[in-house]
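Student: here's a sequence, model it:
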Amino acid sequence: MNYHFIAIGGAVMHNLALELQHNQHVITGSDDEIFEPAKSRLANAGILPSAHGWFPEKITESLDGVIVGMHAKQDNPELQKALELGIPTYSFPEFIYHHSRSKTRLVMAGSHGKTTCTGMLMHILKSYRDFDYLVGSQLPGFERMVKLSDAPLIVIEGDEYLTSPLDLRPKFVHYKAHAAMITGIAWDHVNVFPTEEIYHNQFSLLIDTLQPGGHLYYFNGDAALKNIAEKSGFPQQESYDAPQYQNVKGGTEVIVNNRVYTLPFYGRHNLQNAAGVVKMASTIGITEEEAWSALETFPGTAKRLEPILETENLTVIRDFAHAPSKVEASVFAVREQFPNHKFIAVFEVHTYSSLNPDFMQRYQGTLNPADAVCVLYDPHVFELKRMEVPSKETIEKRFGKGEALSDLSSLKNWISSAMETHQPMVVLLMSSGNLCGLSVDYFTDSKRS
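Tutor: Model prediction:
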């Protein structure tokens, strides 16, 4: 088959393109900008577009399908040409469903933790089942973020964000799950879901698409989520919570049915998620003991409480946290895991929601467990999103703790000052951006400046 990708440089889009090429399909694509690692991976596969931009002449009747990413606009000339020619046009969620219509579909959803949960379930299944998958991050032991084969089962990270320029429904409604897990609901993506009620409703839509005889699992500690699940009336629903646990060096010990499992990760939110994932695994016949045992070797996911430097007196952790609930969970997890360390937290406001001064108020108190706090902001990011740059004082007031800084030099000086101590320290770097270019090498440089 011949497929053309509009906005081929996206994280999932380029992985889907690589997987389809791996499956012997002919792939072409376009994008107005492509960053690493997508650029190198597409180039190595021989399908990197030769020039940036949109080229309607690439859209011909020889194509069997066009796959369009959310980055493309509704008036995209390639998209318009495909519609004129009547070429089958899919968003990537629609294409994934098209491929998996005859499979058992397991969907991991929620405002936070869904990538980690998908990775956990994939790790469990690896020993017991043949399966396809779609996950939002590169995971250890898996070549791509997408696998499409003739396996009878598919695990899907279900995103609540809009599907495509032509379809403003959330992505996860397309998957028509046989089993779904929802980790929790915390208002996000305020640029497309302007009220909390509208955002919550997206998860009601997900439950409405669950297949007859299917299963719904949700975190019991989220009152809004519990209300949505119970109101849905879906017959096969069950809540979960974290098992009994204690923190140990390098991870956590959990006790389930009088058996102790030693897990190489920590954080109450991760243990809650693991409990839900174990229930998801049970829907396809994997026992509780088999699932918890498999999680004893779970390698984690990139940028999710990921240690990037560990010495006797210094631990540096990288985390993708960007929404208030995610920041709160990550900060709490690090404080609980390192109770006697000096705790230095750096958080970069980067997403559209976090840049909004009104929404920013929701971060109030989330960084309080840390001993020293820096809130990093880049005025250029505000300008790119056509948003007014708030004052340093406004940001500090919204967060309620810490110093707001706006450039790499100031950040380095602040970290250097915060690290002027001989006691053991842990540094948590939270961002969905690049922290103004801060490198891990900075922490190993004896002459920090």
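Student: ok, Leu106 - how many residues close by?
Tutor: Residues within reach of Leu106, counting by other CB atoms under 10 Å, total 28. No exception for glycine: its C-beta is placed from N, CA and C like everyone else's.
Student: and it, which helix or strand is it part of?
Tutor: Element membership of Leu106, judged by DSSP states H and E, is strand 104-109.
Student: ends of stretch 215-227, how far apart?
Tutor: 17 Å (CA to CA, to the nearest Å).
Student: which pLDDT value belongs to Leu168?
Tutor: Note for Leu168: predicted pLDDT of 88.
Student: same question, Lys447
Tutor: Note on Lys447: pLDDT of 51.
Student: and Leu18, by the same measure?
Tutor: Each residue has a pLDDT score; the one for Leu18 is 98.
Student: can you list the buried residues in the helix or strand containing Lys226?
Tutor: Assessed by DSSP H and E, Lys226 sits inside helix 223-232. Using 16 or more other CB atoms under 10 Å as the test for burial, helix 223-232 gives 225-226, 228-229, 232.
Student: farthest residue from the center of this structure?
Tutor: Glu61 (36.1 Å; CA atoms, centre = their mean).
Student: report the contact partners of it.
Tutor: 85, 87 (CB atoms under 8 Å, 6 or more residues apart in numbering).
Student: SS state for it?
Tutor: Under the three-state scheme (DSSP: H, G, I helix; E, B strand; the rest coil), Glu61 adopts coil.
Student: check the one 5 residues further on too.
Tutor: In the three-state summary, Val66 is assigned as strand, counting by three-state DSSP.
Student: what's the domain layout of the chain?
Tutor: Here the domain assignment for the chain is 2-87, 94-295, 306-444, based on automatic domain parsing.
Student: ends of the shortest one, how far apart?
Tutor: For domain 2-87, the separation between the terminal residues is 11 Å (CA to CA).
Student: same thing with the longest one?
Tutor: End-to-end span of domain 94-295 (CA to CA): 31 Å.
Student: now the buried residues of helix 223-232 as TSV including distance to Lys126?
Tutor: Converted to TSV, the buried residues of helix 223-232 look like this (distance: CB to CB, whole Å):
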residue	distance to Lys126
Leu225	29
Lys226	32
Ile228	32
Ala229	29
Ser232	32
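Student: state the helix or strand in which Val12 lies.
Tutor: Element membership of Val12 [criterion: DSSP H and E] is helix 11-22.
Student: any idea how far that helix is from the chain center?
Tutor: Relative to its parent chain, helix 11-22 has a centroid offset of 18 Å by CA atoms, centre = their mean, to the nearest Å.
Student: and the next helix or strand past that helix?
Tutor: Counting by DSSP H and E, the next helix or strand C-terminal to helix 11-22 is strand 26-30.
Student: tell me the helix or strand right after that next one.
Tutor: With elements assigned by DSSP H and E, the helix or strand that comes after strand 26-30 is helix 38-44.
Student: packing partners for the helix holding Lys226?
Tutor: helix 196-208, strand 215-219, strand 237-240 (3 or more CB pairs under 8 Å, 6 or more residues apart in numbering; DSSP states H and E).
Student: and the shortest one, what does it pack onto?
Tutor: Think strand 237-240. Using 3+ CB pairs under 8 Å, 6+ apart, strand 237-240 sits against strand 215-219, helix 223-232, helix 268-282.
Student: mean pLDDT and distance to Gly251 for these - can I get that in TSV?
Tutor: Below are those laid out as TSV (pLDDT from 0 to 100; distance: least, CB to CB, whole Å):
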stretch	mean pLDDT	distance to Gly251
strand 215-219	97	21
helix 223-232	96	27
helix 268-282	96	10
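Student: got JSON lines for these, with distance to Ala321 too?
Tutor: As requested, the helices and strands packed on strand 237-240 are exported to JSON lines (distance: least, CB to CB, whole Å):
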{"stretch": "strand 215-219", "distance to Ala321": "17"}
{"stretch": "helix 223-232", "distance to Ala321": "19"}
{"stretch": "helix 268-282", "distance to Ala321": "10"}
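Student: so Leu121: helix, strand or coil?
Tutor: Under three-state DSSP, Leu121 comes out as helix.
Student: residue contacts, it?
Tutor: Counted by CB under 8 Å, 6+ apart, Leu121 has contacts 106, 108, 155, 277, 280-281.
Student: ok, and the most crowded of these?
Tutor: Counting by other CB under 10 Å, top hit in the contacts of Leu121: Met108 with 33 neighbours.
Student: tell me how far that one lies from Gly184.
Tutor: For Met108, the distance to Gly184 equals 12 Å [CB to CB, to the nearest Å].
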